[in-house]
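Student: Sharing a sequence plus its predicted fold:
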Amino acid sequence: MDDLGAILLLQGGFALNMVLFSALCLGACAALIGVFFYLRKDILIADALSHATLPGIGAGFLLALALGINGGMAPAFLLIGAFASAVLGGAGVQWITRHTRLSHDSAIASVLSVFYAAGIVLFSGIQRLDNASQAGLNHFLLGQIAGMQVHEAFMICALSIIVLGGCVLYFRDFLLLSFDQTYAQCLGRPTTRLDKIMLGLMLGVICLGLKTVGLVLILALLVMPAAIARFWSARIVPMSLLSVLIGAGACYGGAALSAFYKNAPTGSTIILVLAAMLVFSFVFGVQKGLLFMKRGANYVGS
Amino acid sequence: MSSPSPLLVSDLSLRYPGQMDMALENISFSLTSGSLTGVIGPNGAGKSTLIKAALGLLKPQGEILFWGQSLKAVRQRVAYVPQRTQVDWDFPVSALDVVQMGLYGQIGWLGRLRKEHKEAALSAMERLRIADLAQRQIGNLSGGQQQRVFLARMLLQNADLCILDEPFAGIDAAAEEIIINLFQELKSEGKTILMVHHDLQTAATLFDDIILLNKTLLYHGSASEGLNDERLRQAYHIPAFETGRAAHG
């Protein structure tokens, strides 16, 4: 494909259109669930979870290999491995925060680095194996959208519906949880369960986004659209809608660019698109963008 | 048979995980229905800890009963106003949005906010004279206005027991007057109010009862009789000649 305009206008054939549509769905749901974690100032938990998927992917690969399935490249095994290992990582963060004197951010840093290191060691072992088809495994690090299978696209679409539905149903609870968890508890909301639902939705986005965006950079898909949207809106509902639009648009555009520049990693391309939007909003955004900051403005209470 | 106390605390003790000393030890008291009670004590005395423990936000030892029942059974009748500093005021919600959060417990997770809910929220804000600020982002309010947003949210819950953490901290005189009037109105409606308070000078006139606290309960009873020098010295660990200064800080 040699014309970017044609790619963007869906003239690139079925395979490419499917990829673009999946990217759009992924971007939309990552941006939506990301809003709540952004507002809760707990977005780095996403980084811990995404890095914690790596040993699970390796283990899933080895298990599939041992069972003689497709030389180890069995998507279901990789996905379940990633999910299980991320749940373990998330539980680790929670345990460390509760039972040691380490703070939440130190717990995140510990889990992130330990799981990632374990995953890298496992991966380097896998690279030396014979009779294994480990070639595509490295795409989980930086993302590769070309060669997306129909079933992957289908899963991403299904996930988008779940995340969208979840966020709409639980909108008020997620809002309350992000604004003031203590108060939510006092109102008798089941905060522990809601917390798990919120994390679960984000974990779904992470696991399905891994192969497209890569685990190193998926954090950006969750946080950047929300951060950009906040420069344009001071109300939660318009901000969330805007965040979804930005996430969907950036993923669509980034995926098209990545297809245009042949082997450019998809995740990195998408993030450069988002970064351009962020810089623009940082300067021109009507909500505390540089140009609109009142000189000597006195912000109360922060 | 007399009706049970809105809040009965017996033998409450609490130690924070990883801490050697008890944060609270053997606290017992019961609130009189329709009274305004202040929790007074020096910094670190466990004032906020006490109300958080009573509200089930911490896990203490001892028994806590609301009208003779567990909190779970009567949660809709209890409202909590956290410290103003506890909240991220840059959060993208309007004053009205925050006030309406008071209804989230009643309408559940699938219920919709209807027109009458909005009207109730606005009339609660009107009572605190902040209805004209309904559409403002909460960060663009003064400290006194922010506190009144919290109080409007409490009003909307229409609770019989209101528990507040330092509602007078960092607010202007005008807001203070409005809030004091509100407490008097709530009392005349038969509501019970318990609040953490830091200003000894206003305590005697503001409250019916006080709870004087410094890890243990030093006094619970009438505010006008209870605030004598001897008790304050004991609570604040200061020699006699310094009590005057302590009363200002």
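Tutor: Right, received. Where do you want to start?

Student: State the distance from residue A:167 to chain B.
Tutor: Remark: distance between residue A:167 and chain B (Cβ to the nearest Cβ, to the nearest Å) = 13 Å. Every residue, glycine included, has its C-beta placed from N, CA and C.

Student: name the helices or strands packed onto the one helix or strand that residue maps to?
Tutor: When elements are assigned from DSSP states H and E, residue A:167 belongs to helix A:150-169. Packing contacts for helix A:150-169, counted by 3 or more Cβ pairs under 8 Å, 6 or more residues apart in numbering or on different chains; DSSP states H and E, involve helix A:14-39, helix A:191-213.

Student: I'd like to know which elements the first one is packed against.
Tutor: If I follow you right, that is helix A:14-39. The helices and strands touching helix A:14-39, judged by 3+ Cβ pairs under 8 Å, 6+ apart, are helix A:44-66, helix A:150-169, helix A:171-179, helix A:191-213, helix A:218-230, helix A:236-260, helix A:266-284.

Student: list the buried ones in it?
Tutor: For helix A:14-39, a neighbour-count test (16 or more other Cβ atoms under 10 Å in any protein chain shown) marks A:16, A:18-39 as buried.

Student: Ok, the last one next?
Tutor: Judged by neighbour count (16+ other Cβ under 10 Å), helix A:191-213 contains these buried residues: A:191, A:194-195, A:197-213.

Student: now the angle between helix A:218-230 and that helix, please.
Tutor: Following axes from the mean of the first three to the mean of the last three Cα atoms, to 10 degrees, one obtains 110 degrees for the angle between helix A:191-213 and helix A:218-230.

Student: what's the spacing between helix A:191-213 and its chain's center?
Tutor: Its chain's average C-alpha position is 8 Å from that of helix A:191-213, according to Cα atoms, centre = their mean, to the nearest Å.

Student: Measure how it sits relative to helix A:171-179, angle-wise.
Tutor: 90 degrees.

Student: Now do residue B:95 against chain A, distance only.
Tutor: 12 Å.

Student: So what's the residue count around that residue?
Tutor: Residues lying near residue B:95 (other Cβ atoms under 10 Å in any protein chain shown) number 26.

Student: residues contacting it?
Tutor: By Cβ atoms under 8 Å, 6 or more residues apart in numbering or on different chains, the contact list for residue B:95 reads B:125, B:130, B:133-136, B:138, B:141, B:145, B:149.

Student: Just the buried ones from the residues you listed, in ChimeraX syntax?
Tutor: Remark: buried members of the contacts of residue B:95, expressed as a ChimeraX selection using 16+ other Cβ under 10 Å:
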select /B:125,130,133,134,136,138,141,145,149
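
Student: closest to residue B:44 among the contacts of residue B:95?
Tutor: Distances from those to residue B:44 were compared by Cβ to Cβ; the smallest belongs to residue B:149, at 28.5 Å.

Student: so the closest one makes contact with residue B:138?
Tutor: Yes. Because the distance of 6.6 Å satisfies Cβ atoms under 8 Å, residue B:149 is recorded as touching residue B:138.

Student: Now the common contact residues for those two.
Tutor: Going by Cβ under 8 Å, 6+ apart, residues that sit against residue B:149 and also against residue B:138 are B:95, B:98.

Student: Please name whichever of the helices and strands packed on helix A:14-39 is nearest to residue A:143.
Tutor: Nearest to residue A:143, of all the helices and strands packed on helix A:14-39, is helix A:266-284, at 3.5 Å by Cβ to Cβ.

Student: Give me the contact list for the closest one.
Tutor: Contacting residues not belonging to helix A:266-284 are listed as A:23, A:27, A:142-145, A:212-214, A:216-218, A:220-221, A:224-225, A:227-228, A:231-232, A:246, A:250-251, A:253-255, A:257-258, A:261, A:289-291 [Cβ under 8 Å, 6+ apart].

Student: burial of the residue in the stretch 151-300 of chain A positioned nearest to chain B, as a residue count?
Tutor: Closest to chain B within the stretch 151-300 of chain A is residue A:187: 3.5 Å, counting by Cβ to the nearest Cβ. Counted by other Cβ under 10 Å, the residues lying close to residue A:187 total 22.

Student: Show me which residues of the stretch 51-200 of chain A are close to chain B?
Tutor: Listed as neighbours of chain B in the stretch 51-200 of chain A under the rule Cβ under 8 Å from any Cβ of the partner chain: A:99, A:101, A:169-170, A:172-173, A:175-176, A:178-180, A:182-189.
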